[in-house]
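just need the structure, nothing else, for what follows:
(chains A and B)
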Amino acid sequence: AQSVAQPEDQVNVAEGNPLTVKCTYSVSGNPYLFWYVQYPNRGLQFLLKYITGDNLVKGSYGFEAEFNKSQTSFHLKKPSALVSDSALYFCAVSRGFQKLVFGTGTRLLVSP
Amino acid sequence: KAGVTQTPRYLIKTRGQQVTLSCSPISGHRSVSWYQQTPGQGLQFLFEYFSETQRNKGNFPGRFSGRQFSNSRSEMNVSTLELGDSALYLCASSLGLAGGQRDQETQYFGPGTRLLVL
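The predicted model follows:
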């Protein structure tokens, strides 16, 4: 079965420090992986996706993600966190016919 | 380009009633998917429509149904509401590519409809 796991419910980081939000996947076949962010009372905003090719994927708002096949991971990263990055982050895998299977989400809290 | 729009944004219903939620996809997008978000179950896939046909369905009871119109706008209906149906219902649209590219498509989400069942 296609699934993703986000092992951390919350990540705390100080503004200006690098941030990492973890995601591991369990997929048969080629993994198509996505990161979304959700701000309070908002829908999900697409950040980036991995389809194939370069293991380092660059996305919106300065975020990037590293695909690691041997560790079955797809961690989201940003070199310098902003307070405005505080939100709920979801990793997802595509299961076909536009069905996304989401992780449980990680709350990112960036302190000033 | 305008994003995905959903109406209404908020709804309060009582148990046993039914509700209809509406979603207008991004212009040119032909695929519409629906998701339910709750604190306990997280984000769960409900169903997906393309060219007025349901192509995929999640593990929800038959009380949850949907349809898509010729202009790609979609509605979902929940009949005989239960307290557990209280959730944020999210709609997402994508182009609706063919074949193997379908799994790679990005879905763009609307702001959601928050349903409270009393």
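
mind listing what the residue nearest the centre of chain A touches?
Residue closest to the mean C-alpha point of chain A, counted by C-alpha atoms, centre = their mean, is residue A:35 at 3.9 Å. For residue A:35, the contact set (C-beta atoms under 8 Å, 6 or more residues apart in numbering or on different chains) comprises A:23, A:46-49, A:59, A:63, A:65, A:74, A:76, A:89-92. Where you see a C-beta, it was placed from the backbone N, CA and C, and this is true even at glycine.

quick one, strands of the chain?
All of this is about chain A. A:3-5, A:10-14, A:19-21, A:24-26, A:33-38, A:44-50, A:56-58, A:64-68, A:73-78, A:87-94, A:100-102, A:106-111 (DSSP state E).

was after chain B, sorry
Going by DSSP E, chain B shows strands at B:5-7, B:10-13, B:19-24, B:31-38, B:42-50, B:53-57, B:64-68, B:74-78, B:87-94, B:108-109, B:113-117.

reformat the ones you listed as a markdown table; add mean neighbour count.
Formatted as a markdown table, the strands of chain B follow (neighbours: other C-beta atoms under 10 Å in any protein chain shown):
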| stretch | mean neighbour count |
| --- | --- |
| strand B:5-7 | 17 |
| strand B:10-13 | 14 |
| strand B:19-24 | 20 |
| strand B:31-38 | 24 |
| strand B:42-50 | 22 |
| strand B:53-57 | 14 |
| strand B:64-68 | 19 |
| strand B:74-78 | 21 |
| strand B:87-94 | 24 |
| strand B:108-109 | 21 |
| strand B:113-117 | 18 |
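
could those strands go into JSON lines alongside mean pLDDT?
Shown next, in JSON lines, are the strands of chain B (pLDDT from 0 to 100):
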{"stretch": "strand B:5-7", "mean pLDDT": "97"}
{"stretch": "strand B:10-13", "mean pLDDT": "98"}
{"stretch": "strand B:19-24", "mean pLDDT": "98"}
{"stretch": "strand B:31-38", "mean pLDDT": "96"}
{"stretch": "strand B:42-50", "mean pLDDT": "95"}
{"stretch": "strand B:53-57", "mean pLDDT": "92"}
{"stretch": "strand B:64-68", "mean pLDDT": "97"}
{"stretch": "strand B:74-78", "mean pLDDT": "98"}
{"stretch": "strand B:87-94", "mean pLDDT": "97"}
{"stretch": "strand B:108-109", "mean pLDDT": "96"}
{"stretch": "strand B:113-117", "mean pLDDT": "98"}
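
which one of the contacts of residue A:35 is nearest residue B:47?
Residue B:47 lies nearest to residue A:92 out of those, by C-beta to C-beta, at 16.7 Å.

list the contacts of the closest one.
Neighbours of residue A:92 in contact, by C-beta under 8 Å, 6+ apart: A:4, A:33-36, A:100-103, B:43.

quick check: bridge partners of it?
residue A:34, residue A:102 (DSSP bridges).

ok, residue A:77 next?
With DSSP bridges as the rule, residue A:77 is bridged to residue A:20, residue A:64.

who are the neighbours in contact with it?
A:18-21, A:63-66.

hmm, which of the residues you listed are the buried ones?
Buried members of the contacts of residue A:77, counted by 16 or more other C-beta atoms under 10 Å in any protein chain shown: A:19, A:21, A:63-66.

could you dump the residues you listed into TSV and include pLDDT?
Below are those laid out as TSV (pLDDT from 0 to 100):
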residue	pLDDT
A:19	98
A:21	98
A:63	97
A:64	98
A:65	98
A:66	96
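
how about JSON lines for those, with distance to residue B:114 added?
Converted to JSON lines, the buried ones among the contacts of residue A:77 look like this (distance: C-beta to C-beta, whole Å):
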{"residue": "A:19", "distance to residue B:114": "29"}
{"residue": "A:21", "distance to residue B:114": "25"}
{"residue": "A:63", "distance to residue B:114": "27"}
{"residue": "A:64", "distance to residue B:114": "32"}
{"residue": "A:65", "distance to residue B:114": "29"}
{"residue": "A:66", "distance to residue B:114": "34"}
